[in-house]
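Peer 1: Could you work out the structure for the sequence below:
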Amino acid sequence: MGRQAGVLFEVNDDRCFGCAACVALCPVNALTLEGLLAIVHEPSCTHCEHCIPACPVHALSLVGDEKTYLFEVLA
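Peer 2: Presented below is the predicted three-dimensional model:
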């Protein structure tokens, strides 16, 4: 799956506890671990979704970008 327009990769920092399962699976190294939190470098993320099912606490997701949504509604 390629990068999706109007979508951002999100890490729920209330759920993430730094297990690094996602970091190990990212084929483009868009995820890093800072302390006990996974951090995404969104411009590098290809939205391949390899990491999402590997997260044991369901802290990873693709969400709609509000800016893109508002632009589409107002256009």
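Peer 1: okay, CA-based contacts and neighbour counts for the rest of this
Peer 2: OK.
Peer 1: Which helix or strand contains the residue most central in space within the chain?
Peer 2: Nearest to the mean C-alpha position of the chain, by CA atoms, centre = their mean, lies Phe9 at 2.8 Å. Element membership of Phe9 [criterion: DSSP states H and E] is strand 7-11.
Peer 1: distance between that strand and the chain's centre?
Peer 2: Averaging C-alpha positions (CA atoms, centre = their mean, to the nearest Å) puts strand 7-11 4 Å from its chain's average.
Peer 1: and Val23, that's in a strand?
Peer 2: No - going by DSSP: H, G, I helix; E, B strand; the rest coil, the assignment for Val23 is helix, not a strand.
Peer 1: Find the nearest non-adjacent residue to the residue nearest to the centre of the chain, please.
Peer 2: When the adjacent residues along the chain are set aside, Phe9 lies closest to Leu62, with 4.5 Å between them (CA to CA, 6 or more residues apart in numbering).
Peer 1: partners of the host helix or strand of that neighbour in the sheet?
Peer 2: Secondary structure from DSSP H and E places Leu62 in strand 60-64. When pairs are called by DSSP bridges, strand 60-64 turns out to pair with strand 7-11 (antiparallel).
Peer 1: Just the CA atoms of the strand it pairs with, as PDB, please.
Peer 2: Output of strand 7-11 as PDB, limited to C-alpha atoms (Å, rounded to 0.1, in the frame of the first residue of the first chain):
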ATOM      1  CA  VAL A   7      -4.000  10.800   6.000                       C
ATOM      2  CA  LEU A   8      -1.400  11.000   8.800                       C
ATOM      3  CA  PHE A   9       0.300   8.200  10.800                       C
ATOM      4  CA  GLU A  10      -0.400   8.700  14.500                       C
ATOM      5  CA  VAL A  11       1.100   7.200  17.600                       C
END
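Peer 1: buried set for stretch 43-54?
Peer 2: When burial is assessed from 16 or more other CA atoms under 10 Å, stretch 43-54 yields the following buried residues: Cys45, Thr46, His47, Glu49, Cys51, Ile52, Ala54.
Peer 1: tell me how far the ends of that stretch are from each other?
Peer 2: Distance between the two ends of stretch 43-54: 21 Å, counting by CA to CA, to the nearest Å.
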